[in-house]
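> Would you be able to build a 3D model of this:
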Amino acid sequence: MKAFRMNKYIVCAEFLEEAQEFFVHEIGETLPSNIEELSWDCDICSVSGETSTLRDIINEVMDERSAWLRMGIPCDLLWPFIAAKTE
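Down below sits the predicted model:
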């Protein structure tokens, strides 16, 4: 997965086009003119004040989704998601 900064959001998706579609449909904002692809080693500060790398956040979400699949809960492993909301 890749991470893209769009306005205040960091959206993770396999492709930029998927991230853009997710942003428009799920967040409900128009696409920003500047979309930045972020490195997996980028540090992100959570609302609770903890700092994690994008790699850690993506791996955690992938582990959760894999666990759901192992339990038989339908899940799209590579569905885009919001990794963080920045100020």
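> all contacts plus neighbour counts: C-alpha atoms, from now on.
Will do.
> and the end-to-end length of stretch 24-37?
Across its full length, stretch 24-37 reaches 17 Å between end residues, using Cα to Cα, to the nearest Å.
> The chain should start at 352 in everything you say after this.
New numbering, starting at 352: the last item is stretch 375-388.
> and it, average pLDDT?
Averaged across stretch 375-388, pLDDT comes to 94.
> Show residues contacting that stretch.
353, 354, 355, 356, 357, 358, 371, 374 (Cα atoms under 8 Å, 6 or more residues apart in numbering).
> List the ones among the residues you listed that fall in helices.
Secondary structure assignment (DSSP state H) places residue 371 from the contacts of stretch 375-388 within helices.
> Out of the contacts of stretch 375-388, who's the most crowded?
Greatest neighbour count in those, by other Cα atoms under 10 Å, goes to residue 354: 27 neighbours.
> Mind picking out the helix or strand in the protein with the poorest mean pLDDT?
Taking mean pLDDT, DSSP states H and E as the measure, the helices and strands of the chain show their lowest mean at strand 394-396, namely a mean of 86.
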